[in-house]
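Novice: turn this into a model:
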Amino acid sequence: MLSPLDLSLLHGPIPTAATVAAAGALTYLAIRKNRTWWTRVLPIVVLACVVVVFALSYVVDHVWKPWPEPLPAILAVWAGAALTALSLAAVRLRSARWYVSVLNVVLALGVTASAMVATNEHFGQYPTTRAVLDVFRNDRVDLHEASPPPSGVIEVPPGKTLTDVWKKPDGLPDKGTVSETAIPGAFPARPAWIYLPPAYHATPRPKLPVIVLMAGQPGSPRDWFDGGRITDNMDTYAREHAGLAPIVVVADQLGTTTANPLCLDSRLGQSETYLARDVPAWIKQRLTVDERREAWTIAGFSHGATCSVQLAVRAPDVYGNFIALAPQGEPTLGTRQDTVKAAFGGDEAAFHRVNPMDILARQRFPQTAGIIVAGRDDATYRKADAEVFEACRKAGMDVQWKETPSGHDWNMAREGFYGALPWLARRTGLAS
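Specialist: Just a heads-up that it's a prediction; the model follows:
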């Protein structure tokens, strides 16, 4: 029987019930048998909340600008609903009996909770309550414990795949391990999160393919373990392949949650050097991996997807494959003018030298393969995704186009990433 913790927070009765409950609570808080309430108090509270929400949206979209695209309208609506409910509950505290005041506060908090459910539904961050509770669980393993020096390695003969020579040993764990560790380099990155599959803990140890993965912006490496459910999905894949799966290193390309160094070497930082040189060198030194470029994949969601296309054309000798889950048309801080000014001091030619679409127009990459995944309902980036795909195809890449029945959210990222694993296994030599 399905546990209540595994009920969906994205579809079905829970988000529907939350919306209905919020509407009922807000209606109750707005109704009162008092002429002054209807003519003065309620209009003033609602108008004030609308002004505050519009002001905050303006500041975020036009002053702070922590990310290129504007705030989704649905978030502004729910923020307004929560603020209105809290304001109405506060106003009603003055004249209500204590138990009525408690009820009003509970209803206002209920609207706020419903707003959080709706926000989660929009982004698809936490698919179940269990996923929410996982945020408070620390099951990470020290990397030195998870990855001691190997006592032997499994070599794959030419023309064979790892599956051909691999035999699952007795006592192999059913699940992989997750570690958090700093990867030093030219960029002040936050610690990376690393998934090592069950087969990594075998003796002798197989040389496994590598996925360097990136989250969106705003974001952090942890997002792929919360919203992306990397551990669950990779463990599932490993169970279906006798413990074999790629190593996943979720690297930080941002530096801070809302920063955007564009995955370039520029005035904003040396993010490209970090991802193209420092991270791969550290992985090869610290982990038992297949070092062939065909076994290396750069991948990401949203901002991380844009970075994956950039690294595929800027470091093709390192990464033979890429998975771009809803990439932007080019690295951007909102507009081309803002981007060139902030990153290159207004030097347009410097931007064109590193912009992936420009590189794809003048150079061919017949040895690079990739998958571009778009959300069918992604009104913001689907067109750009198609343009990037066409540019990659014309540049000679072995590139595939995939769509998911979702928008620009973690539903698309989860489905797109997991769906690409069979293709990636064939490409990297993990399986035929």
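Novice: buried set for the biggest helix by length in the chain?
Specialist: Within the chain, and with DSSP state H defining each element, the longest helix by residue count is helix 98-123. By neighbour count, with 16 or more other C-beta atoms under 10 Å as the criterion, the buried positions of helix 98-123 are 101, 103-105, 107-108, 110-112, 114-115, 117-123. (Glycine included, C-beta is placed from N, CA and C.)
Novice: which stretches of the chain form strands?
Specialist: For the chain, strands defined by DSSP state E occupy the ranges 153-154, 177-181, 192-196, 205-206, 210-214, 247-250, 265-266, 269-270, 296-301, 321-325, 369-375, 398-404.
Novice: so for Leu311, which of these sits nearest?
Specialist: Ranking the strands of the chain by their distance to Leu311 (criterion: C-beta to C-beta) puts strand 296-301 first, at 4.5 Å.
Novice: ok now that closest one, how far from the chain's centre?
Specialist: Chain-centre distance of strand 296-301: 12 Å, with C-alpha atoms, centre = their mean, to the nearest Å.
Novice: what lies in contact with it?
Specialist: Applying C-beta atoms under 8 Å, 6 or more residues apart in numbering, the contact partners of strand 296-301 are 209-216, 224, 228, 246, 253, 275, 280, 305-308, 311-312, 315, 318-326, 410, 413, 417, 420, 424, 427-428.
Novice: returning to what we had before: so what does the longest helix of the chain touch, helix or strand wise?
Specialist: The helices and strands touching helix 98-123, judged by 3 or more C-beta pairs under 8 Å, 6 or more residues apart in numbering; DSSP states H and E, are helix 13-30, helix 73-92.
Novice: can you say which of these is packed in most?
Specialist: Taking mean count of other C-beta atoms under 10 Å as the contact definition, the stretch among the helices and strands packed on helix 98-123 with the greatest mean neighbour count is helix 73-92, which reaches a mean of 19.
Novice: helices or strands up against it?
Specialist: Applying 3+ C-beta pairs under 8 Å, 6+ apart, we find helix 73-92 packed against helix 13-30, helix 42-58, helix 98-123.
Novice: mean pLDDT and distance to Ala343 for these - can I get that in a markdown table?
Specialist: Supplementary listing: the helices and strands packed on helix 73-92 in a markdown table, determined by pLDDT from 0 to 100; distance: least, C-beta to C-beta, whole Å:
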| stretch | mean pLDDT | distance to Ala343 |
| --- | --- | --- |
| helix 13-30 | 97 | 40 |
| helix 42-58 | 97 | 25 |
| helix 98-123 | 96 | 27 |
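Novice: now the longest helix of the chain and helix 73-92, what's the angle there?
Specialist: Orientation of helix 98-123 against helix 73-92 (axes from the mean of the first three to the mean of the last three C-alpha atoms, to 10 degrees) gives an angle of 170 degrees.
Novice: how far off centre is helix 98-123?
Specialist: 27 Å.
Novice: tell me the angle of it relative to helix 13-30?
Specialist: 140 degrees.
Novice: so what's the residue count around Thr368?
Specialist: Residue neighbour count, defined by other C-beta atoms under 10 Å, stands at 21 for Thr368.
Novice: can you read off the pLDDT for it?
Specialist: The score at Thr368 is 98. That number is its pLDDT.
Novice: which residues touch the residue nearest to it when sequence neighbours are not counted?
Specialist: Closest residue in space to Thr368, ignoring its immediate chain neighbours: Met397 at 5.0 Å, by C-beta to C-beta, 6 or more residues apart in numbering. Counting by C-beta under 8 Å, 6+ apart, Met397 makes contact with Ala312, Phe365, Pro366, Thr368, Ala369, Gly370.
Novice: buried subset of these?
Specialist: In the contacts of Met397, the ones that pass as buried (16+ other C-beta under 10 Å) are Ala312, Phe365, Thr368, Ala369, Gly370.
Novice: could I get those as TSV with distance to Asp377?
Specialist: TSV is the format used below for the buried ones among the contacts of Met397 (distance: C-beta to C-beta, whole Å):
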residue	distance to Asp377
Ala312	26
Phe365	30
Thr368	29
Ala369	27
Gly370	23
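Novice: which among those gets closest to Ala30?
Specialist: Gly370 (52.2 Å).
Novice: the closest one contacts Tyr319, doesn't it?
Specialist: No - with contact taken as C-beta atoms under 8 Å, Gly370 and Tyr319 are classed as non-touching, separated by 9.4 Å.
Novice: what's the overlap in contacts for these two?
Specialist: Residues touching both Gly370 and Tyr319 comprise Ala312, with contact defined as C-beta under 8 Å, 6+ apart.
Novice: save the helices and strands packed on helix 73-92 as JSON lines, and put in distance to His201 too.
Specialist: Listed next are the helices and strands packed on helix 73-92 as JSON lines, based on distance: least, C-beta to C-beta, whole Å:
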{"stretch": "helix 13-30", "distance to His201": "37"}
{"stretch": "helix 42-58", "distance to His201": "49"}
{"stretch": "helix 98-123", "distance to His201": "34"}
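Novice: out of those, the one nearest Thr36 is which?
Specialist: With distances scored as C-beta to C-beta, the stretch of those nearest to Thr36 is helix 42-58 (9.4 Å).
Novice: helices and strands around the closest one, which ones?
Specialist: Helix 42-58 packs on helix 73-92, going by 3+ C-beta pairs under 8 Å, 6+ apart.
Novice: which residues are in contact with the helix it packs on?
Specialist: Against helix 73-92 from outside (C-beta under 8 Å, 6+ apart): 22, 25-26, 29-30, 32, 41-42, 45-46, 48-50, 52-54, 56-57, 100-101, 104-105, 107-108, 111-112, 114-115, 118-119, 122.
Novice: the same query, at a cut-off of 6 Å, please.
Specialist: When contacts are defined by C-beta atoms under 6 Å, 6 or more residues apart in numbering, helix 73-92 is touched by residues 26, 29, 45, 49, 53, 57, 104-105, 108, 111-112, 115, 118, 122.
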